[in-house]
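# return a 3D structure for these sequence lines:
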Amino acid sequence: MEKTAGILILDDEENILETLKRLFFKETFSIFTTTNYQEALEALKKEEIKVVISDQRMPEITGVEFLKKVKLECPDAVRILMTGHADIRAAEDAINVGEVYRFINKPWNKEDFKGAVCQAVDHYDLVIQNRNLFEETRTKNEELEVLNRKLRDMYEVQKEFTSTVSHELRTPLASMKVTVDLVLSGEPGELNEDQTRFLMKTKNNVDRLTRLINDILDLTKLESGKTQPDISINDLTQTINEVVEIQELAAKEKGLYLRNEIEKRVVNIPFDVDKMHQVLSNLISNAIKFTETGGITVSCINCEKDNCVKISIRDTGQGIKQEDMGKLFQKFQQLGDPRKHIGGTGLGLAICKEIIQCHGGKIWVESEINKGSCFHFILPVQERREG
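Below is the predicted model of the structure:
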């Protein structure tokens, strides 16, 4: 079996070197022994040496001086000093100058000596392995940073493209809507039942596409930071009441209740009224959309301990499957069974999340199948916007 690079031993006594050769004869690492320190230094240049063992007292050089040279020539090699004398100064020099791994006193026990050297070999291997892992990790991190930069650049291009295309689509869609509305009004001439039905489908699709484009533009602006919320101290209770009043008709049409449960001690807090209208309208309309019996409760409490206000929109609807929970708040993810063709752009919750985060808040959901869902979000009492 070919032996790996291993141990270099320097000692001025040939019989000790022969003993050590026999001691490590069956090991997987090779043993290079010499009585000449210059020959030992040359071996360091030619071979991969993991452990260097040197006697302290030799004719031409001390062990500490030799190990100091080893440190300069081969800093990774583990250094061991052998001494048969109680030389405290040599020990201090070995620690301070040679940075020895350990001392071995003469006369030594064979098994102890062998164990110490094998341990030193393992120490060397571990240090090199850790260094290689660190370098691999550093290289991978650099590669990931390059990829992240590319992804960020691509994302910026995509956002710019999306924004540009959406803006360009607005004008022809507005023209189509005006034209369809004009024809439906009957001004150019009366329509039969089929014509009216087809035009209504066209109008609904134009309206849906317009909502999608507006949502895309809203989300793109929020993500890019181009739209900053106009935050000032406002009455959250009033805002909630306004949105609930607007949504009441839609709830009543489905035979649902829509009620408020707002604590009297809810304080005025900093928020953008228009953006908060958008969040509340989105969450309440979603709750109405996915609720067939029962209703929706909007609650608001003052969490003094956490220095925030908590708003919850709870429904008695169909609930959300556990495996679908992770899809919420992501772009173009729609709730419910797609076979039921429930309308929506799939961007509403993503927009809500961006708006709440812009306010320095947090939004999340709790849900159980056939028992309804509850969307919560918190807003700080003191302003702390992201970014």
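
# number of nearby residues for Val381?
17 (other C-beta atoms under 10 Å). For the C-beta atoms, the positions are set from N, CA and C on the backbone; glycine is no exception.

# and the helices in this structure?
14-23, 37-46, 63-73, 88-93, 110-184, 193-224, 236-253, 273-289, 348-358 (DSSP state H).

# of all those, which has the lowest average per-residue confidence?
Least confident of the helices of the chain, judged by mean pLDDT, is helix 88-93 with a mean of 62.

# ok, back up a step: of all the helices of the chain, which lies closest to Glu366?
Among the helices of the chain, the nearest to Glu366 by C-beta to C-beta is helix 273-289 (13.2 Å).

# can you name every helix or strand that the closest one contacts?
When contacts are defined as 3 or more C-beta pairs under 8 Å, 6 or more residues apart in numbering; DSSP states H and E, helix 273-289 packs onto helix 236-253, strand 295-303, strand 308-315, helix 348-358, strand 372-380.

# which among those is found nearest to Asn282?
For Asn282, the closest of the helices and strands packed on helix 273-289 is helix 348-358, at 4.4 Å, according to C-beta to C-beta.

# okay, the helices of the chain in CSV with distance to Met82 next?
Listed next are the helices of the chain as CSV, based on distance: least, C-beta to C-beta, whole Å:
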stretch, distance to Met82
helix 14-23, 9
helix 37-46, 14
helix 63-73, 7
helix 88-93, 11
helix 110-184, 9
helix 193-224, 67
helix 236-253, 79
helix 273-289, 76
helix 348-358, 65
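
# mean neighbour count and distance to Thr316 for those helices - can I get that in JSON lines?
Formatted as JSON lines, these follow (neighbours: other C-beta atoms under 10 Å; distance: least, C-beta to C-beta, whole Å):
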{"stretch": "helix 14-23", "mean neighbour count": "14", "distance to Thr316": "81"}
{"stretch": "helix 37-46", "mean neighbour count": "15", "distance to Thr316": "79"}
{"stretch": "helix 63-73", "mean neighbour count": "20", "distance to Thr316": "76"}
{"stretch": "helix 88-93", "mean neighbour count": "14", "distance to Thr316": "80"}
{"stretch": "helix 110-184", "mean neighbour count": "13", "distance to Thr316": "36"}
{"stretch": "helix 193-224", "mean neighbour count": "15", "distance to Thr316": "26"}
{"stretch": "helix 236-253", "mean neighbour count": "16", "distance to Thr316": "12"}
{"stretch": "helix 273-289", "mean neighbour count": "21", "distance to Thr316": "9"}
{"stretch": "helix 348-358", "mean neighbour count": "22", "distance to Thr316": "19"}
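
# out of these, which comes closest to Arg79?
Evaluated over these, closeness to Arg79 peaks at helix 63-73, with 4.7 Å, by C-beta to C-beta.

# quick one: Asn234 and Asn268 touch, right?
Yes - using C-beta atoms under 8 Å, Asn234 is in contact with Asn268, at 6.3 Å.

# hmm, Pro270 is touching Asp235, no?
No - in this structure, Pro270 is not within contact of Asp235 by C-beta under 8 Å, at 11.6 Å.

# so the two - more neighbours on which side?
Higher neighbour count among Pro270 and Asp235: Pro270, with 18 against 15, using other C-beta under 10 Å.

# residues contacting the more buried one?
Pro270 is in contact with 231-234, 359, 380, 382-383, counting by C-beta atoms under 8 Å, 6 or more residues apart in numbering.

# what does Arg79 give?
With contacts defined as C-beta under 8 Å, 6+ apart, Arg79 is in contact with 51-52, 54, 67, 70-71, 98-101.
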